[in-house]
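1. Below is the sequence, then the predicted model.
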Amino acid sequence: MQIATHWAVALLVIEQWYTSRAIPRTHNPLLPPSSTDLLLHAVHNYAGLLIGALMLARIGLRLFQPRPASLQIQGWLERLSQVIHWGLYISLLGQVAAGFAAAYLWAPAGRIHILLWNVTLVLAGLHIAAAVYHTVRCDGVVKRMVPWPR
């Protein structure tokens with residue numbers, strides 16, 4: 001389940017980046033939005049809520065089914081891994097909350113949503129860099145998270 005939620009969220013984050021381009025066009029007071037932009041905006045909103053649900057599930061799985069000690073990295077790398085993972089979890093959940101607030105409750109929360117997007121990008125970049133590091137080291141960390149059979 002951890003692998004499935006990880007990759008589902010990763011794909012949805014890419015989708016969010018793509019659909020976010022329609023949002024300014026749907027709120028432009030000078031031009032009426034196209035039906036495609038309205039659809040992309042709706043997909044963005046609902047996929048964001050799905051990310052929130054998947055992140056809550058992922059956190060629940062992580063808390064109640066932690067990695068076995070034999071699979072954990074040792075020392076400062078483990079601590080750095082924890083900081084980046086929990087940072088991603090918090091930034092994504094914060095984005096969901098701010099996006100929901102901006103869409104349905106208080107439009108200025110959109111600024112917080114965008115700020116958290118930038119935090120998410122930095123953390124995701126570090127996460128990807130760590131995946132490359134572990135791939136080069138051939139230490140088995142990346143193999144445990146690939147969706148295809150090992």
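-> Sure thing, it's come through.
2. For this protein, which segments count as helices?
-> 2-20, 23-26, 35-64, 76-104, 109-137 (DSSP state H).
3. mean confidence for the shortest one?
-> Pointing back at helix 23-26 there. Here helix 23-26 scores 95 as its mean pLDDT.
4. Any buried residues in that helix, and which?
-> For helix 23-26, a neighbour-count test (16 or more other C-beta atoms under 10 Å) marks 23, 25, 26 as buried. In short, each C-beta sits where N, CA and C put it, glycine included.
5. What is the burial count for residue 116?
-> Using other C-beta atoms under 10 Å, residue 116 is surrounded by 20 other residues.
6. My read is that it contacts residue 101, right?
-> No. Counting by C-beta atoms under 8 Å, residue 116 stays clear of residue 101, with 11.6 Å between them.
7. Residue 2 touches residue 58, doesn't it?
-> Yes. Applying C-beta under 8 Å, one finds residue 2 in contact with residue 58, separated by 6.9 Å.
8. Please list all residues in contact with residue 20.
-> residue 44 (C-beta atoms under 8 Å, 6 or more residues apart in numbering).
9. tell me the contacts of residue 89?
-> Here residue 89 is in contact with 55, 58, 59 (C-beta under 8 Å, 6+ apart).
10. what pLDDT does the first one get?
-> Note on residue 55: pLDDT of 98.
11. Just list the residues touching it, thanks.
-> 9, 89, 92, 93, 96.
12. Let me know the closest of the residues you listed to residue 34.
-> Comparing those against residue 34 with C-beta to C-beta picks out residue 96 as the nearest, at 26.0 Å.
13. Just give me the neighbour total for the closest residue to the closest one other than its chain neighbours.
-> For residue 96, ignoring the flanking residues on the chain, the nearest one in space by C-beta to C-beta, 6 or more residues apart in numbering is residue 52 at 3.6 Å. Residue 52 has 18 neighbours, counted by other C-beta under 10 Å.
14. Spit out the contact partners of residue 52.
-> 92, 93, 96, 97, 100.
15. Turn those residues into a markdown table, including distance to residue 140, neighbour count and pLDDT.
-> A markdown table is the format used below for the contacts of residue 52 (distance: C-beta to C-beta, whole Å; neighbours: other C-beta atoms under 10 Å; pLDDT from 0 to 100):
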| residue | distance to residue 140 | neighbour count | pLDDT |
| --- | --- | --- | --- |
| 92 | 26 | 26 | 98 |
| 93 | 29 | 16 | 98 |
| 96 | 32 | 21 | 98 |
| 97 | 35 | 16 | 98 |
| 100 | 38 | 17 | 98 |
